[in-house]
Each structure stands twice: as C-alpha cells, then as structure tokens.
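Colleague: Next comes the sequence, and after it the predicted model I'd like to discuss.
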Amino acid sequence: MNDFLINGQLTHLTAKTYDVLRPSDGSVLATLPSAGVEDVDAAVAAAKAAFEKWRFMDAGEKQKLFLKWADIVESRSEAFGELVSQDVGMGAEGLAGECGYVASLIRFYAGFIVTNYG
C-alpha cells in the first residue's frame, strides 16, 4: 500500500514512504506512504467537501453507514488480528477478538445518531 485514500481516489502526492518492521525479526511487514504537506492539504480539502454532504444527510442514512462499517470490521477480524499481531508481536487470537469489541462500539455509537436531539 503506497497510497492514501483521499476523496475516493488512491493518491500519494509526495511519494515518500517508510517501512514498518516486524518486531520479531526486523523484516519489512509493509511499506506505507508518508504524508507531506500536499497530501495533508488534499485530505483536509476533501474532508471539508465531504462534510457538506454529511451534515445534511438523513440520520438514518448515517446510521446505516456506521452499521455497515461495524459489519466490515467484524468480517475482517481475523485478517486485522493477524496484521496487528505481526506489527506488535502479540498473539493474533486475542487481537482478532478486539475487532468484535470495536465493532460493538461502532454499533453503540450508531444508536446515538438517530437519538441525537442537540
């Protein structure tokens, strides 16, 4: 992965990267993009533009997006657990279980979207 997802497009304006090393043996786990000023400016501009749509979106639609996000996190828990275990040197089993917890938190906050009165 050498790009950022900005405004629905994979892009990396500065082309700088860095390696993430496995703590167990020092080998390269992944090469990731390193954001420069141009990347940050593009991401902020895209976020501001997206907020204009988000702020007027129906609460039920927002909740559906959060629930879909929770489903995605949960469905990929084994892959996330394996990746994080390689990154931090812990057992994948417990880390995969953490994704279930994260998904439950996303669902919990999704409930507030449709009950927000302020």
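Modeller: It's in. Numbering: from 1, shown residues only.

Colleague: list the helices and strands the worst-scoring helix or strand of the chain on mean pLDDT packs on?
Modeller: Within the chain, no helix or strand scores below helix 77-88, which has a mean of 84 by mean pLDDT, DSSP states H and E. Where contact means 3 or more CB pairs under 8 Å, 6 or more residues apart in numbering; DSSP states H and E, helix 77-88 is packed against helix 92-113. All C-beta spots, glycine's among them, are computed from the backbone N, C-alpha and C.

Colleague: Quick one: distance of the helix it packs on to the chain centre.
Modeller: 13 Å (CA atoms, centre = their mean, to the nearest Å).

Colleague: Same check on stretch 91-101?
Modeller: 16 Å.

Colleague: what comes up buried for it?
Modeller: 92, 95, 96, 99 (16 or more other CB atoms under 10 Å).

Colleague: what pLDDT, on average, does it get?
Modeller: Across stretch 91-101, the average pLDDT comes to 78.

Colleague: And the contacts of it?
Modeller: 73, 74, 76, 77, 78, 80, 81, 82, 84, 85 (CB atoms under 8 Å, 6 or more residues apart in numbering).

Colleague: now, which of the buried residues of stretch 91-101 sits nearest residue 32?
Modeller: residue 95 (19.0 Å; CB to CB).

Colleague: who's in contact with the residue nearest to that closest one when sequence neighbours are not counted?
Modeller: Sequence neighbours aside, residue 81 is the residue nearest to residue 95 in space, at 4.0 Å (criterion: CB to CB, 6 or more residues apart in numbering). Applying CB under 8 Å, 6+ apart, we find residue 81 in contact with 92, 93, 94, 95, 96, 97, 98, 99.

Colleague: May I see the contacts of stretch 91-101 arranged in CSV, with distance to residue 49 as well?
Modeller: Below are the contacts of stretch 91-101 laid out as CSV (distance: CB to CB, whole Å):
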residue, distance to residue 49
73, 25
74, 30
76, 28
77, 32
78, 35
80, 29
81, 34
82, 35
84, 32
85, 37
